[in-house]
Every structure is written in structure tokens, then in C-alpha cells.
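Participant: whatever this is, show me its structure:
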Amino acid sequence: MSSKRVYKQGEDAHAFSLEEFLKQHGADGRPAAGAGTLGGQAMHGGGYAEGYEAGFRQGLQTVLTNEQARIAAFDSELRALVQRVEQALELWFQKGEDGLARLAREVAKKVITSEIEARPELITPIVREALGYAKEATSVRIRVNPFDLPTLEEKRNELLAACAGIQGIEIVGDDALSRGSTMIETDGGVIDATVETKLDHIFREEAA
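Facilitator: As a prediction, the model looks like this:
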């Protein structure tokens with residue numbers, strides 16, 4: 001009984017396979033209309049999926065490449081901006097230092113001017129010191145602020161005695177000179193003993 005059951009199952013399987021074959025191929029063994037549609041759809045579906053995946057990967061790669069390019073451009077612009085800011089700050093500090101130096105000179109000049117106005121006799125040692133650089137001169141012209149002129153006129157003989165080689169002194173007023181400043185004209189040149197020149201010299205030494 002066991003062998004007959006096996007044989008019947010095999011016979012049914014054989015009959016089923018033949019029936020399916022006839023449905024799909026017909027009696028002449030050719031594929032029937034519509035046969036293989038599922039297989040074709042399956043193949044077509046597989047090709048579509050592969051194409052979609054390839055397109056997706058290509059699109060994703062394009063997006064990533066574009067984003068990387070934009071990031072690189074932004075990084076370059078950011079670095080350039082930081083550099084411009086640093087240059088601007090450096091220039092600002094430099095101008096600030098220059099401005100402070102000019103302010104300090106102006107303050108010092110005002111202090112000196114105020115001191116000369118309060119003590120006009122201070123112009124005498126200033127001129128005497130400047131005359132020390134006119135050793136080869138025999139005559140000089142001393143230019144000072146008109147307000148300092150009367151004080152020097154009173155000290156003319158004192159100035160001549162301090163400079164043995166000088167035989168003649170002319171003292172004139174000059175509105176272009178600040179209080180405490182003097183310009184001494186000699187045969188060999190001009191001695192600049194103005195307050196502004198002295199302050200410039202002092203600040204250059206401080207900066208060195």
C-alpha cells in the first residue's frame with residue numbers, strides 16, 4: 001500500500017505539471033498568450049529597481065559634490081573675511097597709537113606753552129642753548145614769538161657774553177613761532193629750536 005501511495009502522488013504531480021505546461025505553452029509547445037508575463041514583469045521590475053538605485057546613487061553623489069564645493073567656497077570666504085578683520089584691527093590699533101602719540105605731543109606743547117607764559121624768563125636759557133650750536137658764526141638773527149621778544153631784548157648783553165665768537169645779535173618777532181620756540185639764522189645755516197621739533201625728537205627717542 002505504501003508504494004501505491006507514492007506512485008499516485010507522483011502521478012498527480014506528473015499530471016499537474018503537464019496541465020500547467022499546456023496552459024502556458026499550448027498543445028504545440030509554444031508559449032501561450034500572456035505566458036511569461038509575470039516573469040517579464042519580474043525582470044522588468046528588477047531592471048527598474050537597479051536603474052533607480054543607480055540614479056539615486058549618482059544624484060546623491062552630485063549633491064554631495066556640490067555641497068562640498070559650497071562648503072569649500074564658504075570656508076575660503078570666511079578665511080578671507082577673518083583676514084580682512086585682522087588687517088582692519090591692526091590698522092585701527094596702529095592709527096590709535098599714532099593718534100595717541102599726536103595727542104601726547106599736543107598736550108606736552110600746551111604744557112610748555114603754559115609754562116612759558118607763566119614764566120617768560122624761561123625763553124632765555126632756551127635761546128642760550130640754541131646759540132651753543134652756532135660756534136662758527138660771527139652774527140646771528142634770533143627769531144622768537146613776539147611775546148618773548150621783550151624778555152630777550154633785556155637779556156641781549158647776557159646772550160652776547162655767553163657766545164664769545166658772536167659779535168652781533170639781531171632779535172626779531174615771528175608770529176609763526178609758538179611761545180618758547182626759537183629759530184636762529186647764521187651764516188652757516190638755521191638752528192631749529194622750536195618746541196615742536198624738540199617734542200618730535202623726544203618722541204622718536206621714546207619709540208626707538
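Participant: confidence score at residue 65?
Facilitator: Residue 65 carries a pLDDT value of 80.
Participant: what about it, which SS state?
Facilitator: helix (DSSP: H, G, I helix; E, B strand; the rest coil).
Participant: next one: residue 178
Facilitator: Remark: residue 178 carries the secondary structure label coil [criterion: three-state DSSP].
Participant: do residue 140 as well
Facilitator: Using three-state DSSP as the criterion, the local structure at residue 140 reads strand.
Participant: how about residue 192?
Facilitator: Three-state secondary structure (criterion: three-state DSSP) places residue 192 in strand.
Participant: that one bridge partners, please.
Facilitator: Residues found in beta-bridge contact with residue 192 (criterion: DSSP bridges) are residue 183.
Participant: can you count the residues close to it?
Facilitator: 15 (other Cβ atoms under 10 Å). C-beta coordinates here come from the backbone N, C-alpha and C atoms, glycine included.
Participant: pLDDT below threshold where in this structure?
Facilitator: Filtered on pLDDT under 70, the chain yields the residue ranges 1-49, 52, 63, 74-75, 78, 81, 88-89, 91-97, 206-208.
Participant: ok, now with 80
Facilitator: Across the chain, the ranges flagged by pLDDT under 80 are 1-61, 63-64, 66-106, 108-109, 135, 162-164, 202-208.
Participant: tell me the contacts of residue 126?
Facilitator: 180, 182, 193 (Cβ atoms under 8 Å, 6 or more residues apart in numbering).
Participant: by neighbours, which of the residues you listed wins?
Facilitator: residue 180 (26 neighbours).
Participant: now do the contacts for it.
Facilitator: For residue 180, counting by Cβ under 8 Å, 6+ apart, the contacting residues are 112, 113, 115, 116, 122, 123, 126, 145, 148, 195.
Participant: so residue 143: helix, strand or coil?
Facilitator: Put simply, residue 143 is strand when judged by three-state DSSP.
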